[in-house]
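Student: Build the 3D model from these lines:
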Amino acid sequence: MMRNAAFQRDPDTIVRLPKDNRILPLLLTVLDDFHCQAVSYCYWKSSKRIEEVLAGDGDLDLLIARHDQHRAQAILLGRGFKLFPSVAMRDHPAILSYLGYDEPSDRLIHLHLHFRLIVGERLHKNYRIPWENDVLARAILHPTLQVRMLDPTSEAVLLGVRSCLELRRLDPVTFRGWRTTLARFALDRRRLAETLDQAQLTSRASELLGDDLGAMLAGAIYSEGSFEENHRLQSAIRSHFAPYRAYNTLEARLRSAVRAIHWAAGGLNKFYLHLPRPWSRRAPGGGCVVALIGIDGSGKSTVSATIRTWLSPEIDVIPVYFGTGGGRPSLLLRPLKLMVPLLTPLLRTKPRGSSHGKVSKASPGLLYSLLLMVWAAAVAREKRTKLLAARRAASRGLVVVTDRYPQNEIRGFNDGPLLTRLAWAPSWLRRWEARVYALAQRLPPDLVIKLIVRPETAARREPEMDRTVIEKRIEAIPRLAFSGARIVSINAEQPLADVVRAVKQEIWRMV
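Tutor: Numbering: from 1, shown residues only. Next up, the predicted model:
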C-alpha cells in the first residue's frame, strides 16, 4: 500500500491532532504505528460513525492484509492490547478481538482485526466477501483523522451486500434491536445516495458483482424502500455469495440455534444467576479473583459495582459478596437474615467482636450464643460455597470481583471465624468452621485491593459502627497477607473517580 505523504516522516514522531479531536490517545498511537510500519489496513464499516468509534463509543473494525496480520498483532501487543477469545466459537477464525485500556480516558477499547471480509448474522457470520485486496488498494485517508477507511463507492457496495446478508430476524441479537438496526442501515444508505454519483456507483458495483447484480444493488441504494423489503436483491446476493459460505444452510441454522441458546443462557447468568460459567469472552491466560478489602464505609460495594459495569460489556465478570450485610445472600442464609430484625430487639447489647450496635464487654448470654452458633454455621457454609465457585470461575477464564474475602489470620477480625467470640461451643462445630476459613487460606485471591480510610471517615459513613471496632480493624488491615497474594493498598480518601481509576489500572495489569 502506498503511504500518504502526511506520514512520510520520522517513525518516532506521533501525529498531533487538534485539541478538540476526540480520538483516544491509545488508538492514536496504534494507528500511527500502522502508518509508520506501512501496515496495509483500513476501517471498513460506516464512515459516518468513524469519529465516535475512534472516541471509544463503539468497536473499531479494521481490515488487515493477510501478509501484515502478524505485524499488526505485534504492534497491538506492544501497545498493551490483549487478545480476548470469544466463548463458543462466536468469533470467526479470520477475526480476532483485542482489548486495550486507554488510561487517559479511563476507557476500554474493543478492536476487531479482520483478515478477511466476514459478514452475516451477529451470532454466526457465515459469508466471506472476497474483495479484501481490492478494498485495501482503494482505501483512502480520512480528511481529518489519522485512519484509513473505505472509499465511498466501496463502502456503498459493501453496505448493500451486508444488509442483504445481515438483516435476518432469525438472529435474536439483530431481532432484539431490529428497528435500530434498520434505521442505521437506512441512514447510511441515504447519506451515500446523497453524496455519490449513481453512474459511478453502478460502475463500481458492476465491477465487483457483475453487470446485472451490480445495477440491481446500485438501484437499491437510490430507491426509497429499505434493503430488508427488497427480497429479490436479498435472494440474488445470497445466491451470489453462496460458494463463499463456511457452512451449508442446514448446518448454519443449527449452529445459529445453538449459539442463540448459549447467548440467552449467558444473558440470564450475567444478570441474575452469577454461576461460574463463561458466556461471552474469557480473560487471556485464565481468569482471576480480585478481592476488595476494607472496613465498612471504605467504598467496597461502590467500587465493586463500578468495576463490573466497566468490564462486563467486554469480559465475563461475576460478583461475589462474602459479607452478611446488604449483599445478595444465598438461599441458606436468606431466611436467617429475614429473622435478624425480629431477634435484634431481644439482644439489647452485643458482646465484644461485634461491629454494629451497642457493644458490651460482658460475656455473651445463652440466647446470643445459641443464635450465633446457628448463624456462624450458615455463614461458614455459604462462604465455602462461594469460595469454590469463585475459584472455579477463575479457572474457567472469568474475572471474579469479590466484596470482602474470608481470612483466618487475625482472630476476631472482620470476615474471620465467628465462633472465636464464644467461650464455649461444641468442638466439632469449631473444627468445621475452622476448615472453611482454612480453605480460604488455601485458595487466596489473585489480587487483593485494600481500600484505606481514616477512622473519622469510616465513622461518618457508618454511624452505627462501634468506634473502638473501627480503629482496631483499620489498624489490622495492613497486616492481612492472604497467603502471599498480590496486594495493593489504595487511599480511599481520594475522590471516587480517582479511587476507581487506580483500581482499574491494577485489574487491567492482572487480566
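
Student: Could you use CA atoms for every contact and neighbour count after this?
Tutor: OK.

Student: can you give me the strands in the stretch 1-150 of the chain?
Tutor: If DSSP state E, counting those that start in this stretch is used as the criterion, the strands of the stretch 1-150 of the chain fall at 41-43, 60-64, 82-83, 95-102, 107-114, 117-119, 127-129, 140-141, 148-149.

Student: out of those strands, which comes closest to Ala236?
Tutor: Of all these, strand 127-129 sits nearest to Ala236, with 14.0 Å by C-alpha to C-alpha.

Student: average pLDDT across that closest one?
Tutor: Mean per-residue pLDDT for strand 127-129: 98.

Student: Would you mind listing the buried residues in it?
Tutor: Tyr127, Arg128 (16 or more other C-alpha atoms under 10 Å).

Student: any idea how far that strand is from the chain center?
Tutor: Here strand 127-129 is found 28 Å from its chain centre; the criterion is C-alpha atoms, centre = their mean, to the nearest Å.

Student: Could you list every helix and strand that that strand packs against?
Tutor: strand 117-119 (3 or more C-alpha pairs under 8 Å, 6 or more residues apart in numbering; DSSP states H and E).

Student: Swap in 10 Å and give it another go.
Tutor: For strand 127-129, the packing partners by 3 or more C-alpha pairs under 10 Å, 6 or more residues apart in numbering; DSSP states H and E come out as strand 117-119, helix 152-166.

Student: Mean neighbour count, the strands of the stretch 1-150 of the chain: which tops it?
Tutor: Counting by mean count of other C-alpha atoms under 10 Å, strand 41-43 has the highest mean neighbour count of the strands of the stretch 1-150 of the chain, with a mean of 26.

Student: Quick one: residues in contact with that one.
Tutor: 1, 31, 34-35, 50, 60-66, 68-69, 72, 113-115, 132, 135-142, 147-151 (C-alpha atoms under 10 Å, 6 or more residues apart in numbering).

Student: so which of the strands of the stretch 1-150 of the chain gets nearest Met465?
Tutor: strand 107-114 (36.2 Å).

Student: returning to that earlier point: take the strands of the stretch 1-150 of the chain and lay them out in JSON lines including distance to Tyr368.
Tutor: Putting the strands of the stretch 1-150 of the chain into JSON lines (distance: least, C-alpha to C-alpha, whole Å) gives the following:
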{"stretch": "strand 41-43", "distance to Tyr368": "67"}
{"stretch": "strand 60-64", "distance to Tyr368": "59"}
{"stretch": "strand 82-83", "distance to Tyr368": "52"}
{"stretch": "strand 95-102", "distance to Tyr368": "50"}
{"stretch": "strand 107-114", "distance to Tyr368": "49"}
{"stretch": "strand 117-119", "distance to Tyr368": "65"}
{"stretch": "strand 127-129", "distance to Tyr368": "68"}
{"stretch": "strand 140-141", "distance to Tyr368": "74"}
{"stretch": "strand 148-149", "distance to Tyr368": "71"}
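
Student: The spatially most central residue of the chain: what secondary structure?
Tutor: Residue closest to the mean C-alpha point of the chain, counted by C-alpha atoms, centre = their mean, is Glu314 at 2.6 Å. At Glu314, secondary structure determined by DSSP: H, G, I helix; E, B strand; the rest coil is coil.

Student: Now do it against Leu136, distance only.
Tutor: 28 Å (C-alpha to C-alpha, to the nearest Å).

Student: what residue ranges in the protein are flagged as low confidence?
Tutor: Scanning the chain for pLDDT under 70 picks out 1-21, 88-90, 345-362.

Student: burial count for the nearest residue to His124 once chain neighbours are set aside?
Tutor: Once flanking residues are discounted, His124 sits nearest to Ser256: 5.8 Å by C-alpha to C-alpha, 6 or more residues apart in numbering. Neighbour count of Ser256, defined by other C-alpha atoms under 10 Å: 22.

Student: Now do the SS call for Ser256.
Tutor: helix.

Student: Just list the residues touching it, thanks.
Tutor: Arg90, Glu121, Arg122, Leu123, His124, Lys125, Asn126, Leu170, Asp171, Pro172, Leu250, His262.

Student: which of those are buried?
Tutor: Buried members of the contacts of Ser256, counted by 16+ other C-alpha under 10 Å: Arg90, Glu121, Arg122, Leu123, His124, Lys125, Asn126, Asp171, Pro172, His262.

Student: would CSV of the residues you listed with distance to Trp178 be doable?
Tutor: Formatted as CSV, the buried ones among the contacts of Ser256 follow (distance: C-alpha to C-alpha, whole Å):
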residue, distance to Trp178
Arg90, 20
Glu121, 12
Arg122, 12
Leu123, 14
His124, 17
Lys125, 17
Asn126, 20
Asp171, 10
Pro172, 9
His262, 20
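
Student: Most widely separated two among these?
Tutor: Maximum distance among the buried ones among the contacts of Ser256 (C-alpha to C-alpha): 17.8 Å, for Asn126 and His262.

Student: Please point out which parts of the helix or strand where Ala459 lies sit buried.
Tutor: Per DSSP states H and E, Ala459 falls inside helix 455-461. For helix 455-461, the neighbour count (16+ other C-alpha under 10 Å) marks Pro455, Ala458, Ala459 as buried.

Student: Going by distance to Arg245, which of these wins?
Tutor: Nearest member of the buried residues of helix 455-461 to Arg245, counting by C-alpha to C-alpha, is Ala458, at 61.1 Å.

Student: Next, format the contacts of Ser256 as TSV and append distance to Gly160.
Tutor: As requested, the contacts of Ser256 are arranged in TSV below (distance: C-alpha to C-alpha, whole Å):
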residue	distance to Gly160
Arg90	24
Glu121	15
Arg122	17
Leu123	20
His124	19
Lys125	16
Asn126	17
Leu170	19
Asp171	19
Pro172	21
Leu250	25
His262	30
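
Student: Distance to Leu429 added to the helices and strands packed on strand 127-129, as JSON lines?
Tutor: Output for the helices and strands packed on strand 127-129, formatted as JSON lines (distance: least, C-alpha to C-alpha, whole Å):
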{"stretch": "strand 117-119", "distance to Leu429": "60"}
{"stretch": "helix 152-166", "distance to Leu429": "61"}
